[in-house]
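[1] need a 3D model of the following:
(chains A and B)
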Amino acid sequence: MAVNLGAGRLKQIDPNLIDPNDENPRLVFRQEDMEQLLASIDKHGIQVPVSVFPVGGRYRLIDGERRWRCAKKLRLGTIPALIHKRPSELQNLLLMYNIHALREQWDYFTIASKLDRIISLMAKDLRRKPTEVELSDATGLTRGQIRRCRLILDLPDRFKEELRRELALPKSQQKLSEDFFLEMEKSLKTVFKRLPEYKTEQNKIRDTLVTKFRDGVISAVTDFRQLSKIATATRQLGISERNAKKALDGIFDSTNKFGIRDAYHTTVEFGYSEKQARRSVESLSGFLDDVLEQHKESRLDQEFMKELRALYERLRKILRS
Amino acid sequence: MASTTLSSGSQALIDATREYFKNVFENPPIQNDDRLYKTLQWQPSLHVKLNKYLDVLVEVSEDSPYPIMLSRRHGAVLSVHQPLAVYSVCPTEVFLLPAKQTELKELERDGYGLLTVDKEGNVSERIHAIPLIHRVSDSEFKASLEGLPSAIRQRLAQCFQTYKNKPPVGIGEIAELLEGLVLEAGKRAIKKGWLTASQVAGKPAKTLDGLSTCAQTKTQNAAWGGVRSYIKEYRNVAHHYVTKPKDTKRKFLDCRHALIAGIQQTGSFLEACRKLKLKVRLQ
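    Take a look at the predicted model:
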């Protein structure tokens, strides 16, 4: 789906005559990035014109909200702008994605916030729901990015609202991030797939996990990877479903201070470590077989031989017991 | 004009600061002074008009106690010939970061104030901002004390501490210190038999009259005259409601000059006394 508004007419415009674009999915403007741009504009002025279209005697931004914000902060009298003809609603939205998302890493919540609208507008044009490939082609997003957006899009509204409120806070005061929701949703997807009985209580589970994260019981967003590992341990490690569920019940219980790390440590950590050690043993055995087959014993490093001897002593102790 | 925010997390800081000024200063008007902003080439996050003669400009930053806008406009703010107090606002969490302590020192050195906002939106004043036109740095103040006796330096340092919070009151304290020195000089002159008790009568102005006309002391009339006009000008600068433009200038624009001039007058007065062998000691 091509989006082309033509070259545009260059004009110097008072920044106070320009309004931001409501369809700009970008919600987060980080102070550090903005200050760098501000310093550059203060020193060298705006070198690249912003893009706008006329609306009733004023102008609406297509591209350049960060430059426009800096210009207002610096009280610039005029800024260079390319004036385009007014785009359609879908064109306007797609322009936002194609102009911005390709230029820099956007937050997923930012992308997800307008993706739903794009899907419904494209569905109207195509008379069917767009495929992931068509969506990727139109927006310039990769399919992986679209899938991650969907994780956020599929959240119940109140969680999306909670995330939106959190993103409006100064960064140092934000506790929940989109990474938190992405990691939580990915792990819950695994849990619900392996143990579907938890799906009926999914919002209660989300509430508990959010509270435990806010209270520091769950200390890092990466802990959710261990939650997935507990759920998959029934298949990967062969631990009983009863044991896995006991650990998950503890995590999903809002009345205790039982975190994911505690549950992982007491139930499956040893099993996973053992599994990893087995892979290392297999790898070492394979290497030693090669050495013996090719008669390369004399080429082994002395330091390595020392370590092998120490390992042999430890193995004897373990095998004797 | 609505406040202009650079970053998306700034609005919460602006809202909390606006509430703070509303509560502390009983709802002062939030201004939009185009002329001022144009001169400064800076649209502050908030501009609070505390009274006819004092503007407070506020710049918020979500991750720095000393936003780049303030450091880049320091010279411009200093060159505005009207009392402008400038506050930086940042989250409490940022203020407490060890990595930000150098920035905090620089902010204070440059004469800006600091407010912090916690998660609940409570605002705390960490560094008080006095109008930059009144700002005298610690090093400049220390340099101006050179050559003065230690007791006088200590008293002037106390006046300077007051000045840092309320410049006109600090100036008034220097004028009071000078009055004390004049009265002590008068007592010494009586002891030496140069003046009579009735010529002094415990009043600085009368004492200075006596010193100016007495044969033994009138050689130092320049010093007596300087002290007299300083006391007259600044003794009550903090205590009167301003009605005349001349008083306005004195109260709101002259403070910086008055602080330095007060220290110089003290030095000149003590030097005059030393020449006349009048041993002046503070009570």
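
[2] enumerate every residue touching whichever residue of the stretch 51-200 of chain A sits closest to chain B.
    Proximity of the stretch 51-200 of chain A to chain B (C-beta to the nearest C-beta) peaks at A:Pro170, 3.5 Å away. In this view, the C-beta of every residue, glycine as well, is placed from N, C-alpha and C. Shown in contact with A:Pro170 (C-beta atoms under 8 Å, 6 or more residues apart in numbering or on different chains): B:9-10, B:12-13, B:62-63, B:90-91, B:94, B:117.

[3] give me the subset of these touching chain A.
    Applying C-beta under 8 Å from any C-beta of the partner chain to these, one finds that B:9-10, B:12-13, B:62-63, B:90-91, B:94, B:117 fall near chain A.

[4] which residue in the residues you listed has the weakest pLDDT?
    Among the ones next to chain A among the contacts of A:Pro170, B:Gly9 carries the weakest pLDDT, at 83.

[5] who in chain A is up against chain B?
    Residues of chain A lying close to chain B by C-beta under 8 Å from any C-beta are A:16, A:27-32, A:34-35, A:38-39, A:42, A:69-70, A:72-76, A:167-174.

[6] filter the residues you listed down to the ones in helices?
    A:31-32, A:34-35, A:38-39, A:42, A:69-70, A:72-73, A:167 (DSSP state H).

[7] list buried residues within the ones next to chain A among the contacts of A:Pro170.
    B:9-10, B:12-13, B:62-63, B:90-91, B:94, B:117 (16 or more other C-beta atoms under 10 Å in any protein chain shown).

[8] quick one: which of these sit in helices?
    Short answer: those in helices (DSSP H) are B:10, B:12-13, B:94.

[9] how about residue 189: what's its closest non-neighbour residue?
    Just going to use chain A. A:Leu151 (7.8 Å; C-beta to C-beta, 6 or more residues apart in numbering or on different chains).

[10] other chain: chain B
    B:Leu195 (4.3 Å).

[11] B:Lys218 now?
    Distance criterion C-beta to C-beta, 6+ apart; nearest residue to B:Lys218, sequence neighbours excluded, is B:Ser212 at 5.8 Å.

[12] who touches the one you found in this structure?
    B:218, B:221, B:224-225.

[13] likewise for A:Leu209?
    By C-beta under 8 Å, 6+ apart, the residues touching A:Leu209 are A:184, A:218, A:251-252.

[14] show me which of these is closest to chain B.
    A:Ile218 (19.0 Å).

[15] so what's that closest one up against?
    A:209, A:212, A:224, A:259-261.

[16] residues from chain B in reach of chain A?
    Residues of chain B lying near chain A by C-beta under 8 Å from any C-beta: B:1, B:4-13, B:37-38, B:40-43, B:61-64, B:67-69, B:72, B:90-91, B:93-94, B:117, B:119.

[17] so which of those are in strands?
    B:90-91, B:117 (DSSP state E).

[18] so what pairs up with the nearest residue to A:Ile46 once chain neighbours are set aside in the strands?
    Leaving out its chain neighbours, the residue that sits closest to A:Ile46 by C-beta to C-beta, 6+ apart is A:Ile79, at 5.1 Å. Per DSSP bridges, the residues bridged to A:Ile79 are A:Ile13.

[19] how close does A:Ile79 get to B:Ala76?
    20 Å (C-beta to C-beta, to the nearest Å).

[20] try A:Asp179
    For A:Asp179, the distance to B:Ala76 - C-beta to C-beta - is 40 Å.

[21] domain ranges for the chain, per the record?
    The chain I'm using is chain A. The record assigns chain A these domain ranges, following automatic domain parsing: A:9-108+A:118-139, A:161-267, A:286-320.

[22] oops, I was thinking of chain B
    Taking automatic domain parsing as the reference, chain B has its domains at B:10-134, B:138-275.

[23] sorry, back to before: which one of the contacts of A:Ile218 is nearest chain B?
    For the contacts of A:Ile218, the residue nearest chain B by C-beta to the nearest C-beta is A:Lys212; the value is 18.4 Å.

[24] list the contacts of the closest one.
    A:218, A:251, A:254, A:259.

[25] give me the element it is part of.
    Secondary structure from DSSP states H and E places A:Lys212 in helix A:202-214.

[26] what's the burial count for the single nearest residue of the stretch 201-321 of chain A relative to chain B?
    Going by C-beta to the nearest C-beta, chain B is nearest to A:Arg214 of the stretch 201-321 of chain A, at 11.3 Å. Residues near A:Arg214, counting by other C-beta atoms under 10 Å in any protein chain shown, number 12.

[27] quick one on the thing from earlier: can you add distance to A:Met96 and give the contacts of A:Pro170 back as JSON lines?
    Converted to JSON lines, these look like this (distance: C-beta to C-beta, whole Å):
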{"residue": "B:Gly9", "distance to A:Met96": "21"}
{"residue": "B:Ser10", "distance to A:Met96": "22"}
{"residue": "B:Ala12", "distance to A:Met96": "25"}
{"residue": "B:Leu13", "distance to A:Met96": "27"}
{"residue": "B:Glu62", "distance to A:Met96": "24"}
{"residue": "B:Asp63", "distance to A:Met96": "26"}
{"residue": "B:Cys90", "distance to A:Met96": "31"}
{"residue": "B:Pro91", "distance to A:Met96": "30"}
{"residue": "B:Val94", "distance to A:Met96": "31"}
{"residue": "B:Val117", "distance to A:Met96": "32"}
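
[28] show me what the one helix or strand B:Gln101 maps to is in contact with.
    B:Gln101 is part of helix B:101-109, with elements assigned from DSSP H and E. With contact meaning C-beta under 8 Å, 6+ apart, helix B:101-109 is reached by B:64-66, B:70-71, B:88, B:95, B:114, B:127, B:137.
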